[in-house]
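**Q** give me the fold of what follows.
(one chain, ligands or ions: 1)
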Amino acid sequence: MNYRETYDYLKKYGQEHILRCYEELNDAEKEALLLQAGSIDLSLLGLLDEYRRGADVMARGTFSPLGAVTVEEIAEKKEAFSEVGLKALKDGKIAAVLLAGGQGTRLGFDHPKGMYNIGETRDLYIFECLINNLMDVVRACGTYVPLYVMTSEINHDETVRFFTEHDMFGYSKDHIRFFKQDMAPCVGYDGRILMEDKGRIAVSPNGNGGWFSSMQKAGLVDDMESRGVEYLSAFAVDNVCQRINDPCWVGAVLSSGCDVGAKVVRKADPNERVGVLCLEDGHPSICEYYEMTEEMITLKDEKGTLLYNFGVILNYMFRLDRLKEIAAKSMPVHIVEKKIPYLDADGTFVKPDAPNGYKFELLILDMIHLMDTCLPYEIVRDHEFAPIKNPTGTDSVVSAKALLVKNGVTL
Ligand code: UTP
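**A** Residues are numbered from 1 along each chain as shown. This next block holds a predicted model:
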């Protein structure tokens, strides 16, 4: 779009202020701004009115409990599951996607979260821990798992450079592909899109549910299909202990015939702040801890076991054909209030210390709900659950380090 067309497009949505400093930009900046403005999905702004009116855009259905294949059951069937999993891995049917497009704001580290060094006597980066874990599978099945790393516009170059500088942490470079997730505009409380500079709209990664459509756009779904991939796991960057595509888990999901498998952890106590895997109107779903009623929190079976008892850890395995089917459906867009740095009307860059606007996010949990069937697979918390969200306290660098040491990793 040229200047006039872009202006008209923006004006239709009351966003022509984006071009306010256009004449002050050089030619390259002008071109970049027109390109960015033209590629932004302004129809998202329509959702704000509903949100501000308090309309319940995310109305939930009726929840019911969903059990899990437990640690004890998995131990009994370990051999059979592992055999199925190993075969599928050897046949190249299983790929993995590392979701590393987030901004990691809680950690307060000014680089991609995976670059965080948790070593004490040596360098040990979060990315490195994940690759080390996946290498256990590579060694067991004698072949590399195709690994796709999702970055964002903000951290892509730094992430790729870091992996390259570290020789992919020993992974085969022929089996790693990086791709960028889509971005969404950031909007101030007045409904106007924020600028991060005179020539740049403030944008943020469009949430951890944007990965599959971004992979499709990047041509990677075709790439997977041409390699014969049938299942795809998606996992978070910050859980340094998680096992990725371990044969027993792969075999359990494949044997179940479910559309998706979800690694889950038994709640440490009924009020633990984790999203619980359950059913919603008969479909798999994740009920956030703040959505749980007191009755759900305390509901027990006849043996006294809590019924809403398994929290998700953001480690899933999807059937690729089902992912393609749901990709055609529209996912709900969540609006979240955040602190968004911006250029104010006087041209001063402001870093707010309280939320000042909205971001638009797609969530992976909505992908689970679009599936028909899900296998919850219990993991041992002390082996596999060490998320790094904060510098200290719960789910922190400190707690993750302690768990790594407990699992025999030298820091
Ligand atoms: P979180 O929800 O913990 O978000 O992400 P975050 O951005 O890493 O951290 P905070 O909330 O700002 O502190 C869970 C996983 O989803 C990925 C993250 O990289 C992490 O692996 N993610 C999140 C994306 O890949 N893209 C996004 O847009 C958001």
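**Q** what stretches of this structure score poorly on pLDDT?
**A** For the chain, the stretches flagged by pLDDT under 70 are 55-58.
**Q** in it, which residue sits nearest the ligand?
**A** Taking CB to the nearest ligand atom as the measure, the point where the chain comes nearest the ligand is residue 102, at 2.5 Å. C-beta: built from backbone N, CA, C; applies to glycine.
**Q** my read is that that residue contacts residue 237, right?
**A** Yes. Residue 102 sits in contact with residue 237 when judged by CB atoms under 8 Å, with a separation of 7.0 Å.
**Q** and for the two, which residues touch both?
**A** Between them, residue 102 and residue 237 have residue 113 as joint contacts when contacts are counted by CB atoms under 8 Å, 6 or more residues apart in numbering.
**Q** which strands or helices does the strand of greatest length in the chain pack on?
**A** For the chain, the strand reaching the highest residue count under DSSP state E is reported as strand 310-319. With contacts defined as 3 or more CB pairs under 8 Å, 6 or more residues apart in numbering; DSSP states H and E, the secondary structure elements packing on strand 310-319 are strand 231-236, helix 247-256, strand 260-266, strand 276-280, helix 364-369.
**Q** and the ones you listed as a markdown table, adding distance to residue 44?
**A** Conversion of the helices and strands packed on strand 310-319 to a markdown table gives the following (distance: least, CB to CB, whole Å):
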| stretch | distance to residue 44 |
| --- | --- |
| strand 231-236 | 23 |
| helix 247-256 | 34 |
| strand 260-266 | 27 |
| strand 276-280 | 25 |
| helix 364-369 | 16 |
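**Q** tell me which residue is most central in this protein.
**A** In the chain, the C-alpha nearest the mean C-alpha coordinate belongs to residue 208, at 3.1 Å (CA atoms, centre = their mean).
**Q** quick one, phi psi at that residue?
**A** In this entry, residue 208 is assigned phi and psi values of phi -80, psi 0 (degrees, to the nearest 10).
**Q** what number of residues lie near the nearest residue to it once chain neighbours are set aside?
**A** Using CB to CB, 6 or more residues apart in numbering and skipping the chain neighbours, the partner closest in space to residue 208 is residue 364 (4.8 Å). Residues lying near residue 364 (other CB atoms under 10 Å) number 21.
**Q** would you mind listing what in the stretch 201-350 of the chain touches the ligand?
**A** For the stretch 201-350 of the chain, the contact set with the ligand under CB under 6 Å from any ligand atom comprises 205-208, 236-238, 314.
**Q** go with 8 Å
**A** Counting by CB under 8 Å from any ligand atom, the residues of the stretch 201-350 of the chain close to the ligand are 204-208, 210-211, 235-238, 314.
**Q** for the stretch 51-200 of the chain, what spans make up the strands?
**A** Defined through DSSP state E, counting those that start in this stretch, the strands belonging to the stretch 51-200 of the chain, from first to last, are 63-65, 94-99, 147-151, 176-180, 183-185, 187-188, 195-197, 200-201.
**Q** apologies, that question was intended for the stretch 301-411 of the chain.
**A** Remark: strands of the stretch 301-411 of the chain, listed N- to C-terminal, are 310-319, 334-338, 342-343, 349-350, 357-361, 374-378; assignment by DSSP E, counting those that start in this stretch.
**Q** just the CA trace of the last one, in PDB.
**A** Coordinates of each C-alpha in strand 374-378 appear next as PDB, following Å, rounded to 0.1, in the frame of the first residue of the first chain:
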ATOM      1  CA  CYS A 374      -6.900 -35.800  24.900                       C
ATOM      2  CA  LEU A 375      -4.700 -38.200  26.900                       C
ATOM      3  CA  PRO A 376      -3.500 -36.600  30.200                       C
ATOM      4  CA  TYR A 377      -0.100 -38.300  31.000                       C
ATOM      5  CA  GLU A 378       1.100 -37.800  34.600                       C
END
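**Q** summarise which helices and strands it is packed against.
**A** Using 3+ CB pairs under 8 Å, 6+ apart as the contact test, the elements touching strand 374-378 are helix 71-76, helix 247-256, strand 260-266.
**Q** now these as TSV including distance to residue 229?
**A** TSV is the format used below for the helices and strands packed on strand 374-378 (distance: least, CB to CB, whole Å):
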stretch	distance to residue 229
helix 71-76	24
helix 247-256	12
strand 260-266	15
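**Q** residue 29: which of those is closest?
**A** Comparing the helices and strands packed on strand 374-378 against residue 29 with CB to CB, the closest turns out to be strand 260-266 (43.8 Å).
**Q** spatially, which two of the residues of the stretch 201-350 of the chain next to the ligand are the most separated?
**A** Pairwise distances across those peak at 21.2 Å for 204 and 235 (criterion: CB to CB).
**Q** between the two, who's got more neighbours?
**A** In this comparison of residue 204 against residue 235, neighbours counted by other CB under 10 Å, the higher total goes to residue 235 at 24 against 21.
**Q** without its sequence neighbours, what residue ends up closest to that one?
**A** The shortest distance from residue 235 to any residue that is not its chain neighbour, by CB to CB, 6+ apart, is 4.5 Å, and that residue is residue 315.
**Q** contacts only, for residue 246.
**A** When contacts are counted by CB under 8 Å, 6+ apart, residue 246 touches 85, 136-137.
**Q** what residues does the stretch 51-200 of the chain put near the ligand?
**A** Looking at the ligand, the residues of the stretch 51-200 of the chain close enough under CB under 8 Å from any ligand atom are 98-107, 113, 150, 152, 181.
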